[in-house]
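[1] curious how this folds, go ahead:
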Amino acid sequence: MQKQQISFYSSIRSLQLGIFVLALLTAGVACFFIFYPIVYEETPWHSSSLSAEIRKQERTFELLPMNEGPLALLDQTPYVPYPNLADEIVLLGRNDRPDAPKDLMKVMLGLKSSKEHREMVIGDRVFLNFSHPDGRRGASFDTFGSPLWISPKILGSDVILESALEVIGEDETKLLEEKRTFTLKSLGEWERASYLEDASSLDFLSELQNVTGFAPDRVLDLYGGDSYKRLKHKPRFQFNSKGQMVFLSRGDTLVWKDCRWQLTNVSKKTRDFPLARVQSVNGSEISFKVWDQSGFHSRELRVPISGGQPLTFRIEDVFARIRQRTMHSVSCKLAGKSTILRKGDWVFHTPSGWKVLKSAQELSQFLDYRLQGELFIFDGLEKVKGSAHMMGHLFDRTRSMCQKVRLPLVEKKGVIAAKQKPKQPDEDFLLFDEDFDEDLDDFEEIY
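    Numbering: from 1, shown residues only. The predicted structure follows:
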C-alpha cells in the first residue's frame, strides 16, 4: 500500500515538471512571434537597399589609399632630430647698463660653430638653420622658414633661452612641436674676443685705465664747511694731466662726453655715450664697471688708491724763531724770510718756496687742484705744559696725509711769551692788509 502511494506522488511531480517546461516553451514561442516583426521592420540591415549599401562601402574601401582611413595604422609624425643648443649658443653680452630701458632689455647671442652673433630684445624670436647647401655643419641665424626658433628671457640674474622645434603641414596643422629651455653660459673676456671687436683700444676705456686715485682730501675733511660736506671722506680720482679731479663713492655714475669723464645721473640722455659705474670702494682701490654705447661691451676695472706722498722736509726746519705778536698772530722766519702769521693762515709750499695764500682767488685755485704742493694751516696759539706753542696741521702735496704740528715759541728772559703784552706789529712788516680777515670770511661764505 505504501509503495503504491510513493509511486503515485512521483508521477504527480513528473507531470508538474513537464507542464512547467511546456509552459516556458510556449511563452518563448509567443514572444518570438510577437516581437520579431517589429525588430525585423526597424533594422536597417533588412531594408530594401541593404545590398546596395554594402556594395557602396566595398567600392569606397577599395579606393582608399594605404595608411589612411581604417588602415592608418602607421605613425605619420616626421622625425626631426633636436639639436643640442646648449653646446652651440653662448651669451656674449647683456645690456645691463643702468640707463637701459627695462622694457627693451637686449642680449647678444653667439654661435660657436659659425662665430656669428646677433642682438636680441628679450622675448623676441629668431630662427636657426642647421641645413646648409654647401654641406657645412653647425648653426646659423635665419630670417624665416626654419622649423627651429629661439627666444631669450630674463630670470633673475640669468638669461634663459627658450627654444622650439615646429613642423607645419601643408594644411597649416602642426605635425611636430617640441620645446626646451636652458640657461645660457656667459663667456669670459678673452673668449668673447673671437666674436666681438676688442674694446681695449677705445679712448674712454684707456682714459679710465690711466686714472690716478687718491685718498680723501684731508683739508676738506678737517676744514671744509657745509658746502663741502658732500665731498668729505670720499676718495678722489684724477682723470687727466690737466688736474681734473672727481670725488667718487659707491653707486656714482660717470659718462664719457666731450672727450672726458663727467659725473652724471643716468637718463635717456646718457644712452648714446659710454658709461661707468662705481661698483665698490675701499681704502686701497676702487672698482668700476664700464659699458660702451651698445651696452654689450662691458669690463670691470680696478684702480689703486694712493695713500699720499711722504714729506721731504722737516717742519721744524721751515719755521724758526717763532714769537708771539698778538693773541692770534706770531712772527717767525719762514724758510729764512721774516713773516707774520695770523690764525687761519694757509701757508703753501711752491717750487720757489713757501708763501701765504692771501686772496680768495689763490685759495680757490688751491681747492680746485690748480695749485699743488704741501700746505700748513695755522690753527692758533696754545699752552702745553706751561709753554706756548704754535698749533697747526701739515698736509702732503696730494692732501691725502695730514699730521698735527706743535712748534714751541721762543721765550724771553724766562718769561713765557704768551703772557707778554702783545706789541703792535710794524705796518711795513705785515704781509697782509687789515681787511684780509674780512676777505677770508667772505671766502668761507662763498665756498
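[2] now for the nearest residue to Thr181 once chain neighbours are set aside: which residues touch it?
    Leaving aside its sequence neighbours, Thr181 sits nearest to Glu162 (C-beta to C-beta, 6 or more residues apart in numbering; 5.1 Å). In this view, the C-beta of every residue, glycine as well, is placed from N, C-alpha and C. The contact partners of Glu162, by C-beta atoms under 8 Å, 6 or more residues apart in numbering, come to Ile150, Ser151, Pro152, Lys153, Lys179, Arg180, Thr181.
[3] can I assume the second one sits in a helix?
    No: according to DSSP: H, G, I helix; E, B strand; the rest coil, Ser151 belongs to no helix; its state is strand.
[4] right, and it touches Val121 too?
    No: using C-beta atoms under 8 Å, Ser151 makes no contact with Val121, being 9.9 Å away.
[5] contacts for stretch 246-264, please.
    Contacts of stretch 246-264 (C-beta under 8 Å, 6+ apart): 98, 203-204, 207-208, 217, 231, 234-240, 244, 265-266, 270, 273-281, 286.
[6] switch to 6 Å and redo it
    Stretch 246-264 is contacted from outside by 204, 231, 234, 236-237, 239, 266, 270, 273-278, 280-281, using C-beta atoms under 6 Å, 6 or more residues apart in numbering.
[7] kindly report the same for stretch 205-212.
    Phe237, Gln238, Phe239, Leu301, Val303.
[8] repeat for stretch 366-381
    With C-beta under 6 Å, 6+ apart, stretch 366-381 has contacts from 243, 245, 341, 343, 345-350, 365, 388, 391-395, 397.
[9] from the chain's centroid, how far away is that stretch?
    40 Å (C-alpha atoms, centre = their mean, to the nearest Å).
[10] quick one, strands of the stretch 201-350 of the chain?
    Counting by DSSP state E, counting those that start in this stretch, one finds strands in the stretch 201-350 of the chain at the ranges 212-214, 236-238, 245-247, 253-257, 260-264, 275-281, 285-291, 298-306, 319-326, 329-334, 337-342, 346-350.
[11] which stretches in the stretch 51-200 of the chain count as helices?
    For the stretch 51-200 of the chain, applying DSSP state H, counting those that start in this stretch gives helices covering 189-192.
[12] quick one on the thing from earlier: tell me which of Ser151 and Val121 has more neighbours.
    Counted by other C-beta atoms under 10 Å, Ser151 and Val121 do not tie: Ser151 has more neighbours, with 17 against 14.
[13] would you turn the contacts of stretch 205-212 into a markdown table with pLDDT, distance to Met108 and neighbour count?
    As requested, the contacts of stretch 205-212 are exported to a markdown table (pLDDT from 0 to 100; distance: C-beta to C-beta, whole Å; neighbours: other C-beta atoms under 10 Å):
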| residue | pLDDT | distance to Met108 | neighbour count |
| --- | --- | --- | --- |
| Phe237 | 90 | 30 | 22 |
| Gln238 | 87 | 34 | 18 |
| Phe239 | 79 | 29 | 18 |
| Leu301 | 90 | 21 | 16 |
| Val303 | 91 | 27 | 18 |
